[in-house]
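>>> below are the sequence and a predicted model; questions follow.
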Amino acid sequence: MAWPYFLDCDRFFAGEQEGCHDPLAPLRARHEVAFSNLSPDEPSTIIQFAYHSNAQMYSVLKRTAAKCSHISRTYSIGRSTEGKDLLAIEFTDNPGGHELLEPEIKLVGNMHGNEVLGRQLLLYLAQYLCSEYLLGNQRIQTLVNTTRIHILASMNPDGYELAAAEGHELNGWTVGRTNAQNLDLNRNFPDLTSILYRNRRIKRFRTDHIPIPDSYWFGKVASETYAVMKWIRSVPFVQSASLHGGELVPCPVIHLMNRCGASFIRSGGIINGALWYSFPGGMSDFNYLHTNCLEITVELGCDKFPSEEELYPEWLRNKEALLSFMESVHRGIKGVVMDEEGYGIKGASISVRGIRKDFRIMSAAQMAASEQGPLLELYGGRKEPKWLLLSRVLC
Ligand SMILES: [Zn+2]
């Protein structure tokens, strides 16, 4: 006798031999075969709401970039401890470099290898951006044409592999969280927060571009952390989100994200992390204190490893929030800092009254990396950097 799995066969039968039957199993197996037969060059039009192994993830990213090669490309930011690629995908109208006045944003998933929902959502998001762009979706076309979006679906593929081996049913709260050296990547960044607190009473102390202390390099620096630090330093990101799971943020203390976080709020709220709990060496603090980038940490839900049946509903629940978050990068002011003769000023800083954080224009090294012609004009300034004082921020 076969018994439909959704009637909760554990409750009715003592063991498998009594005939538990999952009617979706053959279908899933067929999907799996079809999925593994796809070559990396073959354009994908199907979003598969199932977990992806690391190999499948790379394949999806490469196929998506191939399908949308005029607006997308994949690139590696480095390797994990066990040598797996940290493969990012980029979406913009001219992939490969920074463009003047196009803000850069990044989305990072799976920093904790056993928090897997963010990784899946980002894979769906990449495929969604590509296919909607091709289908002529105005909103997506505007977003992609005016923004440079970087997606790193998995920052910890080694940890994921361990967590996935246990799967949804068995995975506890710790297996696969750390990298292969047992380092928690969200505690492994330079602790700039302590430097900030130590110096906060010094009158002219600025809370931006705090240098990495030499002592940091004497400790264990994970290759994943190192790769992400290099990435953060080489691309002028403005905004970022790191997707986690396993904790539903309790009450909405909304600051900054009140326009873009509508759906995140519905799914649990946004809280000022410092009011919740604090820890040294986090990635978000490093983004903010070492560069111009504001990163939020998103806790997607209570379950670190939801069942596959949850993936599609979770995508529907979070899609709008992800899109609004990316669109929100266009808030505030943007512009070009020039001298009286119209030359761009290299390394200019912008101060905002009342905030002890300055914003710095891209460095020359970042410029060279961006390989963009028109920008060189901007940074061809002959004068020393000068300070601008803005009396208000529009946001
Ligand atoms: Zn986490």
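Received it, and whenever you're ready, just let me know what you need. Small disclaimer: the values here were computed from a predicted structure and weren't measured.

>>> quick one: contacts of the one helix or strand residue 197 maps to?
Using DSSP states H and E, residue 197 sits within helix 192-199. For helix 192-199, contacts defined as C-beta atoms under 8 Å, 6 or more residues apart in numbering pick out 205, 207, 210, 212, 213, 278, 280, 282, 285, 286, 289, 290. Any C-beta I mention is one placed from the backbone N, CA and C, and that applies to glycine too.

>>> just checking, the last one touches residue 212?
Yes - using C-beta atoms under 8 Å, residue 290 makes contact with residue 212 at a distance of 7.0 Å.

>>> more crowded one of these two?
residue 290 (19 against 16; other C-beta atoms under 10 Å).

>>> give me every residue that touches the more buried one.
Taking C-beta under 8 Å, 6+ apart as the criterion, residue 290 is in contact with 190, 192, 209, 210, 211, 212, 232, 233.

>>> that older thread, wait, which of the contacts of helix 192-199 is closest to residue 120?
residue 282 (23.1 Å; C-beta to C-beta).

>>> tell me the pLDDT of that closest one.
pLDDT, residue 282: 93.

>>> ok, it to residue 191 distance?
From residue 282 over to residue 191 the distance is 9 Å, taken as C-beta to C-beta, to the nearest Å.

>>> mind listing the helices for the stretch 51-200 of the chain?
With DSSP state H, counting those that start in this stretch as the definition, the stretch 51-200 of the chain shows helices at residue ranges 54-67, 117-135, 138-146, 157-170, 192-199.

>>> those: which one's closest to residue 315?
Smallest distance to residue 315 across those (C-beta to C-beta): 5.1 Å, for helix 117-135.

>>> and that closest one, how far out from the chain's middle?
Distance of helix 117-135 from its chain centroid, counting by C-alpha atoms, centre = their mean, to the nearest Å, is 13 Å.

>>> close to the ion, is it?
No - remark: helix 117-135 sits outside contact range of the ion, by C-beta under 5 Å from the ion, the gap being at least 8.7 Å.

>>> pull out the buried positions in that helix.
Residues 117-134 are the ones in helix 117-135 that count as buried (16 or more other C-beta atoms under 10 Å).

>>> so for residue 282 and residue 191, which sits in the more crowded spot?
The neighbour count for residue 282 versus residue 191, taken as other C-beta under 10 Å, is higher for residue 282 (24 against 21).

>>> so that one is in contact with residue 185, correct?
No - Residue 282 is beyond contact range of residue 185, at 9.6 Å (criterion: C-beta under 8 Å).

>>> and this protein, which residues reach the ion?
Going by C-beta under 5 Å from the ion, the residues of the chain near the ion are 112, 115, 244.

>>> let's see that with 8 Å instead.
Proximity of the chain to the ion, by C-beta under 8 Å from the ion, involves residues 111, 112, 115, 177, 186, 244, 245, 246, 247, 297, 299, 304.

>>> burial count for the first one?
When neighbours are counted by other C-beta under 10 Å, residue 111 registers 28.

>>> what of the last one?
Counted by other C-beta under 10 Å, the residues lying close to residue 304 total 24.

>>> wait, what's in contact with the residue of the stretch 201-350 of the chain found nearest the ion?
As assessed by C-beta to the ion, the ion sits closest to residue 244 within the stretch 201-350 of the chain, at 3.3 Å. Going by C-beta under 8 Å, 6+ apart, residue 244 touches 111, 112, 115, 118, 297, 298, 299, 300.

>>> how close does it sit to residue 137?
Counting by C-beta to C-beta - residue 244 and residue 137 are separated by 29 Å.

>>> buried subset of the contacts of helix 192-199 as a ChimeraX selection?
Buried residues among these (16+ other C-beta under 10 Å), as a ChimeraX selection:
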select :207,210,212,282,285,286,289,290
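
>>> export the contacts of helix 192-199 to CSV and tack on secondary structure and distance to residue 90?
Formatted as CSV, the contacts of helix 192-199 follow (DSSP: H, G, I helix; E, B strand; the rest coil; distance: C-beta to C-beta, whole Å):
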residue, secondary structure, distance to residue 90
205, coil, 35
207, coil, 29
210, coil, 28
212, coil, 26
213, coil, 31
278, coil, 32
280, coil, 31
282, coil, 25
285, helix, 25
286, helix, 21
289, helix, 25
290, helix, 22
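
>>> doesn't residue 184 make contact with residue 225?
No - proximity of residue 225 to residue 184 does not meet the contact threshold set by C-beta under 8 Å, at 10.1 Å.

>>> these two: who's more crowded?
When residue 225 is set against residue 184 and neighbours are counted by other C-beta under 10 Å, the residue ahead is residue 225, at 24 against 17.

>>> helix or strand for that one, which one?
Secondary structure assigned from DSSP H and E places residue 225 in helix 223-234.

>>> partner strands of the helix or strand following that helix, parallel or antiparallel?
For helix 223-234, the succeeding helix or strand toward the C-terminus, using DSSP H and E, is strand 237-244. The strands beside strand 237-244 in its sheet (DSSP bridges) come out as strand 104-109 (parallel), strand 294-299 (parallel).
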